[in-house]
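Chemist: Sequence and predicted structure are below.
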Amino acid sequence: MCNVFSLKEIFSSVGMRIAIKKVYEILNEKRLVFMTIQLKEELKTLDQKHFLHPTTSIEQQQTQGPAAIFIEGNGIYLKDIEGNIYIDGMSSLWNVNIGHGRKEIAEVAKEQISTLAFSSCFASFSNEPAIRLATKIASLTPGDLNTVFFTSGGSESNDTAIKLARHYWLLKGQPERQKIISRTHSYHGVAMGATSATGLQAFRDFTNSHAPDFHYVYSESVRNLRETIEALGPETVAAFISEPVQGAGGVNIPQKDYFKEVRKICDEYGILFIADEVITGFGRTGKFFGMEHYGVVPDMMSFAKGVSSGYVQLGGVAISETIHQDLCELSKGTLMHGYTYSGHALACQVGLKNIEILEQENLVENAANMGDAMLEGFRALQEKYSFIGRVRTLGLLGAIELVKSRETGELFETALSPIFVQETMKRGLILRTVTYDQDTVVFSPPLILSRVELDEMLRILDETFEHIRKTIVEKNI
Ligand SMILES: Cc1ncc(COP(=O)(O)O)c(C=O)c1O
């Protein structure tokens, strides 16, 4: 006898219910994928029309749209709108030191916003988070760098340091000391003073009208520094500014004695020494501040990025007790320098929590240990691939140079590093390149990086090097 089911029976059978659920799930997934594509297309069009991106190829943005639209961050990982997950091998812009998605920061920020998000710090108004953070930073910075001026980022910090140095000499009765000396391959930001101090020519070529009184010395030449000071006239030089390790210029780690020599020369000629710790500050190099590797105390130290791990915009300049004392004695009337957001209560409270996390989780020590392990990993890759030139790390700041010939240092005609980082991105690792006079891949992962995560980074690097070897290097392209 033929068995005829009623519709009710068919839909009530367990197998059928599972099948229908599956069909719904697939349809739903397809609908979500379709909606995501639609959303992505919409955002891409709006991005191209309305968003002028910082430090971006406009041509590339207009032809291809955003390289990724991120929607979430968690630990060392970022997720884009299509659901792709990436290791943030650069801590985004060398800044998300404590990693993404920290709920503790969110809680502190929520609390501070509902209590007091902002109040003025002009005309000696103050707030507790700014006072506490200035005090905390003073306790961390080396030597007598014990007084802090707050800004919203690195460029403002360097402009502030430059202006404070010049102002200092005005107060000291040496108004001719206005010149600022910086190093080739340095990067100090894009405000007018910071751009002018930047040694990477391409940033200065962005406009053809430059601030006066900026001079550059060959990157690591102490002799050139002395000669330049002599040629300019020591009595006309206000300050020398340098990153402890140049970041955007290629993660260039100076010789052990370089800054000792610099300090000596600055002291000899009475020139102020400004350390730009915007990248190197707050644990990046395996010490709280980069200058600690060199046993040197600068007269001013500019910072940003890692002070808040990018959760809010924050930066500042720590000045020595000597400078502060002179300012206290000689300054009459108003200090005519200040940003609306100098001493921003919310930003400072987040900064405090960020530093607490760095300390409680021993992230500075972790950066030192993982940095050593990262160097070992780089060296293993160097043994395997002949087109890897020099490799280096200081804490979790690292670089791998790509060369056609290790012996001569000759570079490939077309830089390999931009192709390399596109390929690592396809494999889930975001990195960055430096191609001014070099072909370098740079690294700056979050300081929370674990051994397992580092191994995953190294695995992706190995796979990508293998791909580049087969598809480009061996084909002599
Ligand atoms: C060493 C250094 N100084 C200053 C800056 C400028 O900081 P910001 O972009 O926050 O203005 C940067 C930014 O990358 C930097 O690396």
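Modeler: The structure has been received and is ready for your questions. Numbering: from 1, shown residues only.
Chemist: Only C-alpha atoms from now on, for both contacts and neighbour counts.
Modeler: Will do.
Chemist: Looks like Asn97 contacts Tyr311 (just checking).
Modeler: No: under the criterion of CA atoms under 8 Å, Asn97 makes no contact with Tyr311, lying 10.1 Å away.
Chemist: Give me the more crowded residue out of the two.
Modeler: Remark: of Asn97 and Tyr311, Asn97 carries more neighbours, 33 against 23, as counted by other CA atoms under 10 Å.
Chemist: low-confidence ranges in the protein?
Modeler: Along the chain, the model assigns pLDDT under 70 to residues 1-12, 477.
Chemist: again, only using 90
Modeler: Residue ranges of the chain with pLDDT under 90: 1-36, 210, 436-437, 475-477.
Chemist: what's the domain layout of it?
Modeler: 44-98+362-477, 103-360 (automatic domain parsing).
Chemist: Tabulate the ones you listed (JSON lines), appending distance to Glu25.
Modeler: Below are the domains of the chain laid out as JSON lines (distance: least, CA to CA, whole Å):
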{"stretch": "domain 44-98+362-477", "distance to Glu25": "18"}
{"stretch": "domain 103-360", "distance to Glu25": "32"}
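Chemist: closest to the ligand out of these?
Modeler: domain 103-360 (3.2 Å; CA to the nearest ligand atom).
Chemist: chain center to stretch 268-283: distance?
Modeler: The chain centre lies 16 Å from the centre of stretch 268-283; the measure is CA atoms, centre = their mean, to the nearest Å.
Chemist: quick one: the residue most central in space within the chain and Leu397, what's the gap?
Modeler: The C-alpha lying nearest the average C-alpha coordinate of the chain belongs to Trp94 (CA atoms, centre = their mean; 2.3 Å). Look at Trp94 and Leu397: by CA to CA, to the nearest Å, they are 9 Å apart.
Chemist: Could you tell me which residues touch both of those two?
Modeler: Common contacts of Trp94 and Leu397 (CA atoms under 8 Å, 6 or more residues apart in numbering): 444-445.
Chemist: start to end distance for stretch 97-107?
Modeler: Start-to-end, stretch 97-107 (CA to CA) is 18 Å.
Chemist: Buried by neighbour count: which residues of that stretch qualify?
Modeler: 97-101, 105 (16 or more other CA atoms under 10 Å).
Chemist: Dump those residues to JSON lines, plus distance to Tyr77.
Modeler: Below are the buried residues of stretch 97-107 laid out as JSON lines (distance: CA to CA, whole Å):
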{"residue": "Asn97", "distance to Tyr77": "12"}
{"residue": "Ile98", "distance to Tyr77": "12"}
{"residue": "Gly99", "distance to Tyr77": "8"}
{"residue": "His100", "distance to Tyr77": "7"}
{"residue": "Gly101", "distance to Tyr77": "9"}
{"residue": "Ile105", "distance to Tyr77": "17"}
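Chemist: Among these, which lie within strands?
Modeler: Residues of these located in strands (DSSP state E): none.
Chemist: tell me the contacts of the residue nearest to Glu277 when sequence neighbours are not counted?
Modeler: Of all residues beyond its chain neighbours, the one nearest Glu277 is Phe303 (5.0 Å), with distances taken as CA to CA, 6 or more residues apart in numbering. Residues counted as contacts of Phe303 (CA under 8 Å, 6+ apart) are 153-154, 157, 276-279, 281, 315-317.
Chemist: Of these, which belong to helices?
Modeler: Mapping these onto helices (DSSP state H) picks out 154, 157.
Chemist: near the ligand, which of the contacts of Phe303 show up?
Modeler: 153-154, 276, 278-279 (CA under 6 Å from any ligand atom).
Chemist: so can I have JSON lines of the residues you listed showing neighbour count?
Modeler: Formatted as JSON lines, these follow (neighbours: other CA atoms under 10 Å):
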{"residue": "Gly153", "neighbour count": "21"}
{"residue": "Gly154", "neighbour count": "27"}
{"residue": "Asp276", "neighbour count": "30"}
{"residue": "Val278", "neighbour count": "33"}
{"residue": "Ile279", "neighbour count": "29"}
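Chemist: which of these lies closest to Val296?
Modeler: Set against Val296, the nearest of these by CA to CA is Asp276 (13.2 Å).
Chemist: Surely that closest one is in contact with Asp299?
Modeler: No: proximity of Asp276 to Asp299 does not meet the contact threshold set by CA under 8 Å, at 11.1 Å.
Chemist: check which helix or strand covers Pro298.
Modeler: Counting by DSSP states H and E, no helix or strand carries Pro298.
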